[in-house]
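> this one's structure only:
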Ligand code: MF3
Ligand code: CO
C-alpha cells in the first residue's frame, strides 16, 4: 500500500528533511582524514537529538548506529567504528531522521583528502545519476522510468548498478512502498502520483555489480573490493513538479570548492 501524503504531512516531511540536511552539514565538517566513523556517528546523533529529532537508524532491526558508514568498498549498512578516515578514502554517510512523526532519508559520499581521479569520476557519475532519476520522477510516469534512467546513465559510462538494494517510499516509516530499484525497464512498476514521497538512492560500483554481506549480517561490500558510491534524496511528487525535500546545500557550504 502506497500512502499518499496530505499537504500537512508534507509540511512535516519538509521539516524532517531540513533537519537531516543540516545534520549532513555537520557530518561534512568531520569528513576529513583522521576522523573515526564513530565520531561522525556521534556528531550526527547529537545534532539530531539537540534539534528534537530521533535518529531512526539507531536500533532499527538492531542496527548499531545513527549513520550507515560506507568506506570505499562498503556499499551500504556499514557500522560506525574506530576506523580512522584516510587520505584517498571515499566515505558514504547514509542516515534517517524522524521528526514530529515523519522520516527523511539521505546519503552523500564524501571524498576524503585527495582521491584518485577514476574514483572521483565514479562519485560524480553516481550523483548525476541521482538527478537523472529525479528528472524521470514525474506524475504519470512509472517507477521503472526512474530505475531505467539511473541504470542507463551509469552503465553507459562503464559502471555497474547494485541490484540487491533499492530506494523506497518514506513517511511515518523509513521504508514504505513502493520499492524504487536502480535498474529495470521503462514503463513498468507503479504510476508516480501526486502525494507520493520516495527515496531515490543509486548504489553504483566501479567494478562488477556483485556484492556480499559480511558475517555481521549487515555490512554490504563489493565482491571485488573496488569502490562503490551512493547518493540519496527524499523527493515529493506534486501534480506539476517534483520537490526534492533534502538538499546537499549545507554540505556544499562546508566543502566549498571541493564540492563536486
Ligand atoms: N537509507 C538506508 C536504507 O534505506 C537507511 C538504512 S538505516 C538502517 O536502507 F538502520 F537500516 F541501517
Ligand atoms: Co533509503
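Received it, and whenever you're ready, just let me know what you need. Computed from a predicted structure; not experimentally measured. Ligands and ions are numbered 1, 2, ... in the order given.
> show me the helices in this structure, by range?
Assigned by DSSP state H, the chain shows helices spanning 7-30, 37-50, 117-136, 143-156, 249-255.
> tell me which of these lies nearest to ligand 1.
Ligand 1 lies closest to helix 7-30 among those, at 10.7 Å (Cβ to the nearest ligand atom). To be clear about C-beta, it is placed using only N, CA and C from the backbone, and glycine gets the same treatment.
> can the closest one be found next to ligand 1?
No - applying Cβ under 6 Å from any ligand atom, one finds helix 7-30 out of contact with ligand 1, separated by at least 10.7 Å.
> in that helix, what's buried?
By neighbour count on 16 or more other Cβ atoms under 10 Å, the buried set for helix 7-30 is 9-10, 12-28, 30.
> any chance of the helices of the chain in a markdown table, with distance to ligand 2 too?
Shown next, in a markdown table, are the helices of the chain (distance: least, Cβ to the ion, whole Å):
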| stretch | distance to ligand 2 |
| --- | --- |
| helix 7-30 | 11 |
| helix 37-50 | 15 |
| helix 117-136 | 12 |
| helix 143-156 | 14 |
| helix 249-255 | 17 |
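> now those helices as a markdown table including mean pLDDT?
Formatted as a markdown table, these follow (pLDDT from 0 to 100):
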| stretch | mean pLDDT |
| --- | --- |
| helix 7-30 | 98 |
| helix 37-50 | 98 |
| helix 117-136 | 98 |
| helix 143-156 | 98 |
| helix 249-255 | 98 |
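> would you mind measuring from the residue nearest to residue 65 when sequence neighbours are not counted to ligand 1?
Of all residues not flanking residue 65 in the chain, residue 80 sits nearest, at 4.2 Å (Cβ to Cβ, 6 or more residues apart in numbering). In this view, residue 80 and ligand 1 are 11 Å apart by Cβ to the nearest ligand atom, to the nearest Å.
> coming back round to it: adding distance to residue 227, write the helices of the chain out as CSV.
Shown next, in CSV, are the helices of the chain (distance: least, Cβ to Cβ, whole Å):
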stretch, distance to residue 227
helix 7-30, 19
helix 37-50, 16
helix 117-136, 5
helix 143-156, 14
helix 249-255, 19
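> so which bits of this protein are right by ligand 1?
Counting by Cβ under 6 Å from any ligand atom, the chain sits next to ligand 1 at 57, 60, 61, 63, 68, 77, 94, 96, 105.
> residue 67 is in contact with the first one, correct?
The reference is to residue 57. Yes - using Cβ atoms under 8 Å, residue 57 makes contact with residue 67 at a distance of 7.1 Å.
> of the two, who's got more company?
Set side by side, residue 57 and residue 67 show more neighbours around residue 67, with 29 against 23, by other Cβ atoms under 10 Å.
> contacting residues around the residue of the stretch 1-150 of the chain found nearest ligand 2?
Going by Cβ to the ion, ligand 2 is nearest to residue 105 of the stretch 1-150 of the chain, at 4.1 Å. Residue 105 makes contacts with 20, 94, 95, 96, 170, 174, 199, 201, 232, 234, 246, as judged by Cβ atoms under 8 Å, 6 or more residues apart in numbering.
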